[in-house]
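[1] Below: sequence and its predicted model.
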Amino acid sequence: MSGDGGSPPPSWAPALLAAHGAVLVLLLVGSAVLHATGVRTGGSGGTRLVTWVLAVATVVLVGRAVGRRRPRRLWSWLAGTAAWAVLPWAWLSVGLAADNPESGWVWVLGVGFSPYGWSWLVPLAAFGAVWTAVLARLSD
């Protein structure tokens with residue numbers, strides 16, 4: 001780490017992971033409630049804007065609430081690696097569900113738990129694992 005033998009360097013990776021996980025949970029639960037109650041938004045421009053504003057606000061608020069952490073080396077690597085898959089998963093799901101938020105649960109589950117979604121989430125996570133390890137090594 002920084003060669004001083006002290007605490008590990010601060011990292012935003014846990015905050016980014018928590019914030020984008022919160023976006024996925026919010027989209028999953030919120031859209032399931034909309035779907036169960038029979039709400040049909042019809043894909044208006046206002047719906048799209050509200051969906052994006054809520055997603056960005058969630059990331060900002062949760063990310064700031066979690067803040068920079070000083071995770072141990074393994075936890076920092078795991079958070080950095082997972083972020084490479086969770087961030088694209090969250091934003092792709094938001095983008096696909098922006099027109100019809102009541103269908104967001106379908107996109108969250110379809111992107112994250114289907115062979116199609118895994119066909120690009122797994123390579124992203126693998127690349128993220130290497131990238132995070134390289135950055136950790138360079139920061140020594």
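    On my side now, so go ahead. Residues are numbered from 1 along each chain as shown.

[2] Extract the residue ranges of this structure that are flagged as low pLDDT.
    1-8, 43, 140 (pLDDT under 70).

[3] got the residue ranges for the helices in it?
    13-36, 45-66, 73-97, 104-112, 115-138 (DSSP state H).

[4] Report the buried residues of stretch 30-50.
    Of the residues in stretch 30-50, 30, 31, 34, 35, 41, 47, 48 count as buried by neighbour count, 16 or more other Cβ atoms under 10 Å. Where C-beta positions appear, they are placed from N, C-alpha and C, glycine not excepted.

[5] Just checking the distance from that stretch to the centre of its chain.
    Centre-to-centre, stretch 30-50 and its host chain are 21 Å apart (Cα atoms, centre = their mean, to the nearest Å).

[6] how long is it from one end to the other?
    13 Å (Cα to Cα, to the nearest Å).

[7] which residue packs closest to residue 111, ignoring adjacent ones?
    residue 117 (4.2 Å; Cβ to Cβ, 6 or more residues apart in numbering).

[8] Save the buried residues of stretch 30-50 as TSV, and put in distance to residue 62 too.
    TSV is the format used below for those (distance: Cβ to Cβ, whole Å):
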residue	distance to residue 62
30	15
31	18
34	21
35	24
41	24
47	22
48	22
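
[9] Closest one of those to residue 69?
    Set against residue 69, the nearest of the buried residues of stretch 30-50 by Cβ to Cβ is residue 30 (27.2 Å).

[10] how much space between that closest one and residue 93?
    12 Å (Cβ to Cβ, to the nearest Å).

[11] next one: residue 113
    Taking Cβ to Cβ, one finds residue 113 at 11 Å from residue 93.

[12] quick one: which of the two has more around it?
    residue 93 (27 against 11; other Cβ atoms under 10 Å).
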